[in-house]
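1. everything below, folded, please.
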Amino acid sequence: MADGIWAGVAIFERARTDVPGGDALDDRGGSAWQGRVEAMVEPAALLGEAGEVVVAAGAFVAITRASDGVTLSGALPRAMLRTVAPGDQGWLDAAIARVVTGGADTAAVRCCRPVGRVPLIVVIRRIEPRERTARAAAIVTLIDPARRPAPAPSLWREAFALTPSEAALAALLTSGHSLESAAAARDCRATTLRVHLRRMFAKTGVSRQSDLIALLARMGPA
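-> Predicted structure coming up:
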């Protein structure tokens, strides 16, 4: 579990970025925490030991500025994450406290958004003390259930040796198409796409369409 969390945190430590608060974590004087937060699939930020937001990706900041479920109170690196719906704040504060104090490895909270939009999911993951750099105690990500991952056909082709036709089908499936609607979009027979699908199963090592979509989505945008 810790290895998986730290693999994500390592993204924050690479090369210089102009992400707000990026230099604030570099208490040791090196180049740590000048990383590529934009490379993370979901909008993300790092929390300090008091639950404060110390560095955040641009996409994370954009959501908070739009008050789309959550917002920031104060300035980085000492901003606090606030919910737009007052009734959600206690749940968020309790979830953050559990994780940063070591009472839980992960926690999640649903935060209400403007009328007609599904709630935003706030996920907090603990960073083990022995793996922490500077003041980073946890990672917080914002998940929009209605948002689908951007296709990454070039990565899929490189990783699994997919043909152009297979990669095109994969892009449609990860965008929410069924095999039948993908056939209509591609102006071909569904039986032809089933052949492509079976070949993708063999190349990726999965046996179900849902597993294939989940695997490809985890690779993130190209």
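2. pLDDT (mean, whole number) over stretch 112-121?
-> Stretch 112-121 shows a mean pLDDT of 90.
3. offset the numbering so it begins at 34, please.
-> Done: numbering now begins at 34, and the last item shifts to stretch 145-154.
4. run through who's touching it.
-> For stretch 145-154, contacts defined as Cβ atoms under 8 Å, 6 or more residues apart in numbering pick out 96, 101-103, 116-118, 120-121, 141-144, 175-179. All C-beta spots, glycine's among them, are computed from the backbone N, C-alpha and C.
5. rerun at 6 Å
-> The contact list for stretch 145-154, computed with Cβ atoms under 6 Å, 6 or more residues apart in numbering, reads 101-102, 118, 143-144, 175-176, 178-179.
6. quick one, strands of this protein?
-> All strands of the chain, identified by DSSP state E, fall at 77-80, 86-89, 103-106, 113-116, 139-144, 153-159, 171-176.
7. could I get those strands as JSON lines with mean neighbour count and distance to Leu125?
-> Below are these laid out as JSON lines (neighbours: other Cβ atoms under 10 Å; distance: least, Cβ to Cβ, whole Å):
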{"stretch": "strand 77-80", "mean neighbour count": "27", "distance to Leu125": "11"}
{"stretch": "strand 86-89", "mean neighbour count": "26", "distance to Leu125": "12"}
{"stretch": "strand 103-106", "mean neighbour count": "18", "distance to Leu125": "8"}
{"stretch": "strand 113-116", "mean neighbour count": "20", "distance to Leu125": "5"}
{"stretch": "strand 139-144", "mean neighbour count": "18", "distance to Leu125": "5"}
{"stretch": "strand 153-159", "mean neighbour count": "21", "distance to Leu125": "6"}
{"stretch": "strand 171-176", "mean neighbour count": "22", "distance to Leu125": "10"}
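8. so which of those strands is nearest Ala201?
-> The minimum distance between Ala201 and the strands of the chain falls on strand 171-176, with 26.9 Å, by Cβ to Cβ.
9. tell me, what residue is most central in the chain?
-> Closest to where the C-alpha atoms of the chain average out (Cα atoms, centre = their mean) is Glu75, at 2.3 Å.
10. that one against Thr174, yeah?
-> Yes. Contact criterion Cβ atoms under 6 Å: Glu75 and Thr174 qualify, at 4.3 Å.
11. if we can go back for a sec, between the strands of the chain, which one is closest to Leu206.
-> Checking the strands of the chain against Leu206 by Cβ to Cβ gives strand 171-176 as the closest, at 20.3 Å.
12. how far off centre is that closest one?
-> 7 Å (Cα atoms, centre = their mean, to the nearest Å).
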